[in-house]
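**Student:** Please find the sequence and the predicted model below.
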Amino acid sequence: MRVLITGASGFIGRLLCPLLINSNHDVIAVVRRNAMGGLPKKN
């Protein structure tokens, strides 16, 4: 499934992105330009 996550560098998005990616979903992550944490990493 293709999933769009807004706030991917936030508290919930940071935890949700790797879970979805590891479950073989196509993840499109949307973050603010100046997001401090950056994008979550694949486990």
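**Tutor:** Yep, that arrived.

**Student:** Parallel or antiparallel, list what pairs with whatever helix or strand V3 lives in.
**Tutor:** Using DSSP states H and E, V3 sits in strand 2-6. Strand 2-6 has its sheet partners listed here by DSSP bridges as strand 26-30 (parallel).

**Student:** Please point out which parts of the partner strand sit buried.
**Tutor:** Neighbour-count burial for strand 26-30 flags V27, A29 (criterion: 16 or more other C-beta atoms under 10 Å). Using the backbone N, CA and C atoms, a C-beta is placed for each residue, glycine as well.

**Student:** what does stretch 16-29 give?
**Tutor:** In stretch 16-29, counting by 16+ other C-beta under 10 Å, buried: L16, C17, I21, V27, A29.

**Student:** cool, and stretch 4-20?
**Tutor:** Neighbour-count burial for stretch 4-20 [16+ other C-beta under 10 Å]: I5, A8, S9, G10, G13, R14, L16, C17.

**Student:** Can you pull the phi/psi pair for A8?
**Tutor:** phi -60, psi -20 (degrees, to the nearest 10).

**Student:** Got the confidence number for it?
**Tutor:** Looking at A8, its pLDDT is 90.

**Student:** With the one 4 residues further on instead?
**Tutor:** pLDDT for I12: 94.
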